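Peer 1: Here you go, sequence then predicted model.
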Amino acid sequence: KTALLDRLYAPVSTALQSGKLQEALLKLEEISVRYPGEAHGYILKGEIYNRLELFDKAVASIVQGVKLNGDYIDKASQVTRRALIEKLVAAQLPRAAAEYKSSPGNAALKEQLANINYLKSRLAGGCE
């Protein structure tokens, strides 16, 4: 399975390694048209958004990927992105919690906090 993912997403990985983040996003969109709902695409998109410092989008995309395939959280998995997810949760949880606390009626802030807490729960071993 990882060989297939590597081959399928090779153009995205190449663009990422070259630092061409916008190009990587475009290539990812092309692939997602042919393979909608593929967890790896969501994870890669989350990684790109993280590098672009679009943290809310990064978290939301990674949540979609993890919901489709929990292997991205699993330490022993060949496709694990646990280190990235742990770092993202640690960095974004305090910010998201503070923002939501200052504006509890904001649905977008509530959703963002819920997404981060979902990832935190999955990291701690929680199930779907």
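Peer 2: Perfect, thanks for sending it.

Peer 1: Mind pulling the model confidence for residue 10?
Peer 2: Confidence per residue is given as pLDDT, and for residue 10 that number is 96.

Peer 1: Lowest-scoring secondary structure element of the chain by mean pLDDT?
Peer 2: Sorting the helices and strands of the chain by mean pLDDT, DSSP states H and E puts helix 2-8 at the bottom, at a mean of 91.

Peer 1: Look at the residue nearest the centre of the chain and report its pLDDT.
Peer 2: Geometric centre of the chain, nearest residue: residue 62, 2.1 Å, by C-alpha atoms, centre = their mean. The predicted local distance difference test score for residue 62 is 98.

Peer 1: my guess is it contacts residue 40, does it?
Peer 2: No - contact between residue 62 and residue 40 fails when scored by C-beta atoms under 8 Å: they sit 11.5 Å apart. For every residue, glycine as well, the C-beta is placed using N, CA and C.

Peer 1: Quick check: neighbours shared by the two?
Peer 2: By C-beta atoms under 8 Å, 6 or more residues apart in numbering, residue 62 and residue 40 have no common neighbours.

Peer 1: what about stretch 66-73, distance to the chain center?
Peer 2: Relative to the chain's own centre, stretch 66-73 is displaced by 10 Å; criterion: C-alpha atoms, centre = their mean, to the nearest Å.

Peer 1: what is the mean pLDDT for it?
Peer 2: Per-residue pLDDT values across stretch 66-73 average out to 96.

Peer 1: So what touches it?
Peer 2: By C-beta under 8 Å, 6+ apart, the residues outside stretch 66-73 that reach it are 37-40, 42-43, 62, 65, 77-82, 85, 118-119, 122-123, 128.

Peer 1: can you map out the helices along this structure?
Peer 2: According to DSSP state H, the chain carries its helices in the segments 2-8, 10-17, 21-34, 39-51, 55-68, 82-102, 107-123.

Peer 1: Pick out the shakiest of the ones you listed, pLDDT-wise.
Peer 2: Least confidently modelled of the helices of the chain is helix 2-8, at a mean of 91 by mean pLDDT.

Peer 1: Need the residues that contact that helix.
Peer 2: By C-beta under 8 Å, 6+ apart, the surrounding residues in contact with helix 2-8 are 13, 31, 35, 40, 78, 79.
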